[in-house]
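1. predicted model and sequence follow; I will ask about them next.
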Amino acid sequence: MCRAKIAKRTHDRPRQVGYAWRCCAIAFIQCLASDGTHAQTLSDTVQLHPFEVSAQRLEQFAAGTTVQRLDSATLERYRLADLGTALAGETAVFVKSYGLGSLATTSFRGGSANHTAILWNGFNIGSPMNGQIDLSLLPMAAVGEVSLQHGGTSALWGSGALGGAIHLSAPPRFGRGLLVHVGAGFGSYGDLRQQARVEVSGTYGNTNITLFQADARNDFHYRIGDGARSERREQINAGFQQQGLIAEQHFRLRARQQLSARVWLQRTGRHVPPTRVQPTSTAHQADGTLRATAEWSRTGHHTDLAVRGAFFDERLDWTAADDDPVVVSRSRSAIIEAEARLRLSALHALDIGLNNTYAQATTDGYPHRPEQDRAALFAAYRYQGSGGRTTGSVSARQELLDGAWMPFTASAGMEHAVRPWLKLKGQGARVYRVPTFNELYWQPGGDPDLLSESGFSGDAGLELKLERGPFQVRSTGTIFSRSIKNWIIWLPGPAYWSPHNVLQVWSRGLGTDSELACRTGRSTWKLGLLTDHVVSTNQRPTGINDASVDKQLIYVPMYSGHARIVWEQRNMTVRFTAAYTGYRYTSSDNRQFLEPYWIWDVHASYRLQMKARWSTVLFVSANNLFNADYEIMLNRPMPMCNYQAGVSLQFTKPVKTKDRT
Amino acid sequence: MRKRSGKFFTQRMNGVCSALLLMVVVAACRKDKPEAPVAAPVQLGQQGGAYITNEGNFLWGNSGVSYYDNASGSVFEDLFQSANGTALGDVCQSMTLFNGTAYLVVNNSDKVVLVDPNTFAQQGEITGFVSPRYLLPVSNAKAYVTDLAGDAIAVVDLVSRAITGTIPCPGATEELVLAVGKAFVTNTDREQLYVIDTATDAIVDSITVGRGANSLVQDANGKLWVLCSGYMGLGNNAVLHRVDPASLQVEASFTFPSSSDSPWRLRINGGHDQLYFLNNDVYRMPITAVALPTAPFIAAVGRNFYGLGVDPGSDVVYAADAVDYVQRGVVYRYAQDGAVLNSFHVGIIPGGFSFR
């Protein structure tokens, strides 16, 4: 049984091919050279409204869903970190982190890791093998802007978006001139990170490249054992190295057309540390990723068109112990999508599209080379009335998986501003997830006859914005309910583990996000509070002795929240945060659990404007100030008080303005 | 008109806000703090009982040993934690009682923990294994420990409590028994039953058996019964062999009819004349049978039988329901007529039984 579990861990995600780095670097240098000429001579006043497909689908056709965007200051603060760290620090999403630099996955509203769709510029980058993605492998330097969409959005984004979706996007900016940004940071446990970005942005072209590198020993100390038997231990076999680049090229063509290409290359090598109850570990894994996308779009007076494609190649080399053979898992996906948006009138808009996703994977665990072809027809309609105070949208999606019809998915949502300062929201959706390759084909255990998970989700909420004198208040509150049947879990058997459609899960809860800002003289004070209450329970017994019915799912905190105080004065920002994570049960009958914990952090940054074009930011942060001895996952120790410091330097050179209006 | 509309919206807003507030209050009423576990001092009765090894979840370190006391019917859910104030380790695979010591094989902590079977106080531990599974004493001073991933069987000195050597044996070795002065070892990765000379600690022979050999017992006639679970992906059906340990010949083979049969946990009663095994349900088969039993001795009906044991003193059959593998298991005690005597909760993933 244990061996089966070890094997199951080996196929999470992948690595990359060496020559591809060189090819892309050469291509990028060519792009950089050609675009610079535009940047020097052209204006930024020509407004062409490029058709950013995924961004607009999120903005315009998802009325009623709660969307949380990480602002630019937050993105700057986490620029050297990974996405898992940023989400854990800034959002109510529970990030299941197995330790510093180790696997990190999400739990959105009590869902499992593969109930979150992670979209990079509109393409789902979840692994076709296990349906999830390791957030610790997504550096913030690479992901661009981050938006969290809560609630069921399968109709917009396809299989998997049961609990929510994380949108990573980098919309091109034109006419900004030259931007060079370099940053470096160091921290406790041998943590060294660097990143550099060069962007040349003209009116008709944008070329940018981001390079990033991280290296950490993660050799923090923790205690094992209880009472008199406890001893201090240094984390071993926990090193982490990562290098990567993202290169983008965007062209504005005549007749309001835009052409974009992006390449994301990355490799990560890391060791897998022992748990508290393992004496040692020599396991390690290497992940390599190539992600390439291309998009053509045309903006018309009444109709926008876009055709886009993506190719993802992911490889994971897993070694359970030094002497063991390397187990290689590799998956490739090709996505092509065509979309048309019709502005029927000032009030009505329609979006229709076709998507085809082909995936294929190889690993020792599959008896053959499984392939999957999913074709989807989707449509969305938006209405905006009452002088812009009411927005409603309806969307629908029908997928065809290898020739078989998948559950029809639809959603409807509405927002209405009852007052300038108060908006009400509501959304309902049918959601589903098709089984992953591992669930279908992993041998032994995989079951090709597994059914898709499907269910319904609904949200209702209000959004409040008030401004009185020096005070500004912003607050949102959302209640939700979601019911999923045929929930798939892996269960051990006599000889191996296998997935089963066993659970019926009802998740419901309440999330709030509030901030009070006060300006006094040259200072601004902000008080923020983020709370999340999730009850996620199994409603169907697996057998006559099953005590899990109406009990909270394991690793879903019922209560969690963040509070923050921010003080800003001119170029200085100081920020205190306190994060609470409540009980997480480790047995389905809720008898075994992990203790709640509070984590206190402080972060200070200072921006120095040296000349008109040069600026630098210095930052220092201290995490877990009060040495909380905590675990997010059972027996996976987390570090005590630790520090980071760093500096970034930015140079900007705007293009000369030549007004053509 | 505008005023009326505003009033209407205000009333509506008040209604919506009240409804939301009510839902918040209702939702927030759920208490998340679990009940604290009751700590009880370990006191085992003198009338005998059953130790139940609970594997716990792989990498979670929540294994343990439960105890059922025959006389009082009381149950200790976690002896080791209560007696030692610390967790046992990751995946307690098996327990062997020998010469007044209980040897707990903790698979993914790569160790064997020695405890006093009466107090469960830790006496020591043997470390350095790769992925240990079962321990078999072959003399007062020596034991063999099979291994899932080490491609070898460890030779352990029970006096110095150290590994003194290994017997190379590629594949995953599982349960083993001592018969006619030799150790017979199952291996789920090879279609062989290995024979070890306990004097030289070397494999001296092997017997071809079915795929997935996982457990074996010796009957009243001295014969070995070897249960092989088959391998669905390779089209090998499960098979039960009777082997003569002296001549090393397979005397009889009973092939299971369906490729979905995956039997395991072969056990035998105190009289060594009735075989028991799990194949979703619990089956019983006399050693004189000429065919596999067709009807179960105990039907699972909504239970997930994972562990099986037979008390050699009373012939009471213990069957463990692991439920969903992530909560407390339930152990049932059955009389020889199949009647339920009682049932009780134990730790997570109860897999093995030892009797005192």
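-> All right, it came through fine.
2. report the beta-bridge partners for the one residue sitting closest to the centre of chain A.
-> For chain A, the residue nearest the mean C-alpha position is residue A:166 (4.3 Å; C-alpha atoms, centre = their mean). On the basis of DSSP bridges, residue A:166 is bridged to residue A:118, residue A:148.
3. residue 239: what's it in contact with?
-> Defaulting to chain A. Residues near residue A:239 by C-beta atoms under 8 Å, 6 or more residues apart in numbering or on different chains: A:101, A:216-218, A:270-271. No exception for glycine: its C-beta is placed from N, CA and C like everyone else's.
4. ah, I was thinking of chain B
-> Contacts of residue B:239 by C-beta under 8 Å, 6+ apart are B:209-210, B:228, B:230, B:253-256.
5. what distance do you get for residue B:228 to residue B:186?
-> Separation of residue B:228 from residue B:186 (C-beta to C-beta, to the nearest Å): 8 Å.
6. which residues are common contacts for the two?
-> Both residue B:228 and residue B:186 are contacted by B:213-214, under the criterion C-beta under 8 Å, 6+ apart.
7. let me see the confidence value for residue B:32.
-> For residue B:32, the pLDDT comes out at 86.
8. that one: how many residues sit nearby?
-> Here the number of neighbours of residue B:32 (other C-beta atoms under 10 Å in any protein chain shown) works out to 17.
9. just residue A:261 next, same as before
-> 17.
10. can you give me the distance of it to residue A:309?
-> 10 Å.
11. what touches both of those two?
-> With C-beta under 8 Å, 6+ apart as the test, residue A:261 and residue A:309 both reach A:293-295.
12. the residues you listed in strands, which ones?
-> The strands, defined by DSSP state E, take in A:293-295 from the shared contacts of residue A:261 and residue A:309.
13. what does stretch A:381-399 contact?
-> Counting by C-beta under 8 Å, 6+ apart, A:60-64, A:154-156, A:158-159, A:346-351, A:374-380, A:405-406, A:408-417, A:434 sit against stretch A:381-399.
14. cool, stretch A:352-361 as well?
-> Outside stretch A:352-361, the residues that touch it by C-beta under 8 Å, 6+ apart are A:124, A:128-129, A:158, A:329-340, A:342, A:369-380, A:437.
15. repeat that for stretch B:158-167.
-> By C-beta under 8 Å, 6+ apart, stretch B:158-167 touches B:98-99, B:114, B:124-126, B:128-129, B:137, B:140-144, B:150, B:152-157, B:196, B:201-203.
16. same question, stretch A:635-645
-> Contact with stretch A:635-645 is made by A:80, A:97-100, A:102, A:185-189, A:191, A:218, A:220-222, A:235, A:275-277, A:618-632, B:59-61, B:90, as judged by C-beta under 8 Å, 6+ apart.
17. let's go with 7 Å and repeat that
-> Residues outside stretch A:635-645 that contact it (C-beta atoms under 7 Å, 6 or more residues apart in numbering or on different chains): A:98-100, A:185-189, A:191, A:220, A:222, A:235, A:275-277, A:619-625, A:627, A:630-632, B:60-61.
18. low-confidence stretches in chain B?
-> B:1-29, B:37-40, B:232-235 (pLDDT under 70).
19. so for the longest strand seen in it, what gets flagged as buried?
-> Counting residues, the longest strand in chain B under DSSP E turns out to be strand B:340-348. By 16 or more other C-beta atoms under 10 Å in any protein chain shown, the buried positions in strand B:340-348 come out as B:344-348.
20. how far away from the center of its chain is it?
-> Taking C-alpha atoms, centre = their mean, to the nearest Å, one finds the center of strand B:340-348 at 14 Å from the center of the full chain.
21. does it reach chain A?
-> Yes. Judged by C-beta under 7 Å from any C-beta of the partner chain, strand B:340-348 comes into contact with chain A at residue B:348.
22. OK, contacts around residue A:276?
-> Shown in contact with residue A:276 (C-beta under 7 Å, 6+ apart): A:224, A:635, A:637, B:61.
23. if we go by neighbour counts, what in stretch A:419-436 is buried?
-> In stretch A:419-436, counting by 16+ other C-beta under 10 Å, buried: A:422-436.
24. what does stretch B:277-293 give?
-> For stretch B:277-293, burial by neighbour count (16+ other C-beta under 10 Å) applies to B:277-285, B:287, B:292-293.
25. cool, stretch B:149-159 as well?
-> Result for stretch B:149-159 [16+ other C-beta under 10 Å]: buried residues B:149-156, B:158.
26. same question for stretch A:578-588.
-> A:579-588.
27. for that stretch, C-alpha coordinates in CSV please.
-> Output of stretch A:578-588 as CSV, limited to C-alpha atoms (Å, rounded to 0.1, in the frame of the first residue of the first chain):
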residue,chain,number,x,y,z
ALA,A,578,-2.0,38.9,11.9
ALA,A,579,-3.3,35.7,10.3
TYR,A,580,-5.4,33.2,12.0
THR,A,581,-6.0,29.6,10.8
GLY,A,582,-8.5,27.6,12.8
TYR,A,583,-8.7,23.9,13.5
ARG,A,584,-8.1,21.6,10.6
TYR,A,585,-9.2,18.1,11.0
THR,A,586,-7.0,15.2,10.0
SER,A,587,-9.6,12.5,10.3
SER,A,588,-12.9,12.5,8.5
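28. hmm, the residue nearest to the centre of chain A is touching residue A:116, no?
-> Yes. The criterion here is C-beta atoms under 7 Å, and residue A:166 meets it with residue A:116 at 6.3 Å.
29. which residues are common contacts for the two?
-> Here residue A:166 and residue A:116 have no joint contacts, going by C-beta under 7 Å, 6+ apart.
30. most neighbours of all the ones in strands among the shared contacts of residue A:261 and residue A:309, which one?
-> residue A:295 (24 neighbours).
31. wait, that one sits on residue A:308?
-> Yes. Using C-beta under 7 Å, residue A:295 makes contact with residue A:308 at a distance of 3.9 Å.
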